[in-house]
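K.L.:
I'd like to go over a predicted model; first the sequence, then the structure.
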Amino acid sequence: MATAKEINDSGSLQVGKLFKEVEPAGFASFVGNDKAGLANFLVPADGGTGAIDVVNKFPWTLTPPEGRSETPHVRLTEYRLLQSALWNSARYYAAGAVQQVPGSKNPYLNRMQGYAGLFDFENPTTFEYTFPYFSDTANEVQSSWSSLDILEKIKGIIGGGGAIQKAIDVGVLGYEANYPRVGIMDRPKLWQESTPRSINIKFPLYNTVKVEDIERNWELCYLLLYQNMFNKRDFITAVPPVFYTAYIPGQFFSIAMYVSDLKIYNRGNIRMYQINGKWRNIPDVYEIDMTLTDMIMPSQNMLAQVLREAPVSVQLLSPNIASRENVAGILGVAGRAVTGLASLGVSEYPGFGQQVQTFGESVVLSLTPPR
């Protein structure tokens, strides 16, 4: 990714407390190397992990940080799609058609290998959000089943005309004439689909606790809006909004979700306030209301990950990684994935606890993030 000139003046790449602008890069397989017309990308300001811990470090409650350790939370890890989704899908279904699902030889993927290659997780934005999560709904399942009409299926297979077809028609008429219509309506049913789930994240951000909170709160609101808008390159191509892996400890896991609805409300009095010399409308309180929706149907495979302290590292599901027979992954505790692969050379991560585990011919390096 391009290196930003950290000059914070008009017309230059902007640098804030949470993010900085960089020139867009990484389009070899999407739009070639031509980035003309694209707006700048946002990356962590300090060049670090991009962890934005609202639960413990933002003023969403007056409870001091030391009293927030038991706050229910959701962790969102953000990814940018730089490869063609059409190409990914074609490759995924072509592999499935010949029963060679990418990742089938990777023992670490275990029961998640059916999703290997479906999404491109190789371009994390390195932003990871921890939001307070309070919902009356613990989980939900909605499924659709459709009737299977055996007689109609037989008629369709046989086709029109012929003695057999006429016999079936006579049989159906006689059956309907001799029995109540309600009996005719009973049919075997086939499962069709499970409805994608949604989760709603809602919390306030107070601008009246500390002056230094105002800039960080404004930047967080801007960052969420910016990342969930598309980036137009020219009259026909664009980079889509980001998508997320979502994990609620002990309750919920999804490998891919998108923001289907995002509203940021101004609550209380609104006043003009200068941030880095620029005037902004600042309310007493921001209220963030954000709904994320599954990009795939819920399954036992994903729910089973809730039983683990750390769900599968989704980067192992990426098309170019999951197909490797001897893959070495990097996994963080409680789903906190760390970018990179051990097979490509792992440098030391200062402050991280490290543990190497062997699964057959594969090696997984587990990293415990510093507290």
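P.N.:
Cool, the structure landed. As the structure is a prediction and not an experimental result, all values here were calculated from the model. Numbers count the residues shown, from 1 in each chain.
K.L.:
gap between residue 258 and residue 296?
P.N.:
11 Å (C-beta to C-beta, to the nearest Å). In short, each C-beta sits where N, CA and C put it, glycine included.
K.L.:
Residue 289 contacts residue 202, doesn't it?
P.N.:
Yes. With contacts counted by C-beta atoms under 8 Å, residue 289 reaches residue 202, the gap being 4.9 Å.
K.L.:
wait, isn't residue 143 in contact with residue 191?
P.N.:
Yes. Using C-beta under 8 Å, residue 143 is in contact with residue 191, at 6.6 Å.
K.L.:
shared neighbours of these two, anything?
P.N.:
Between them, residue 143 and residue 191 share no contacting residue under C-beta atoms under 8 Å, 6 or more residues apart in numbering.
K.L.:
show me where the stretch 1-150 of the chain has helices.
P.N.:
Under the criterion DSSP state H, counting those that start in this stretch, helices of the stretch 1-150 of the chain are mapped to 54-57, 85-97, 150-158.
K.L.:
Also the stretch 201-350 of the chain?
P.N.:
211-227, 300-303, 319-322.
K.L.:
any idea of the mean pLDDT for the first one?
P.N.:
The average pLDDT for helix 211-227 rounds to 95.
K.L.:
quick thing: my sequence starts at 48, can you match it?
P.N.:
Happy to do that; since the first residue is 48 now, the last one works out to helix 258-274.
K.L.:
helices and strands around that helix, which ones?
P.N.:
Helices and strands touching helix 258-274, by 3 or more C-beta pairs under 8 Å, 6 or more residues apart in numbering; DSSP states H and E, are strand 88-91, strand 171-179, strand 245-253, strand 299-322, strand 325-341.
K.L.:
Tell me which of these lies nearest to residue 234.
P.N.:
strand 325-341 (29.2 Å; C-beta to C-beta).
K.L.:
residues of that closest one that come out buried?
P.N.:
329-330, 332-333, 335, 337-339, 341 (16 or more other C-beta atoms under 10 Å).
K.L.:
Please apply the same query to stretch 280-290.
P.N.:
Neighbour-count burial for stretch 280-290 flags 280, 286, 288-290 (criterion: 16+ other C-beta under 10 Å).
K.L.:
How about stretch 262-282?
P.N.:
Within stretch 262-282, judged by 16+ other C-beta under 10 Å, the buried ones are 262-267, 269-271, 273-275, 278, 280.
K.L.:
repeat for stretch 172-192
P.N.:
If you call a residue buried by 16+ other C-beta under 10 Å, then stretch 172-192 has these buried ones: 172-180.
K.L.:
Now do the contacts for residue 306.
P.N.:
Per C-beta under 8 Å, 6+ apart, neighbours of residue 306: 275, 288, 291, 337-339.
K.L.:
Equivalent analysis for residue 249, please.
P.N.:
Residues in contact with residue 249 (C-beta under 8 Å, 6+ apart) are 181, 334-337.
K.L.:
run the last query once more with 7 Å
P.N.:
By C-beta atoms under 7 Å, 6 or more residues apart in numbering, the contact set of residue 249 is 335-336.
K.L.:
on that earlier part again, now, the most widely separated pair of the buried residues of strand 325-341?
P.N.:
329 and 341 (34.7 Å).
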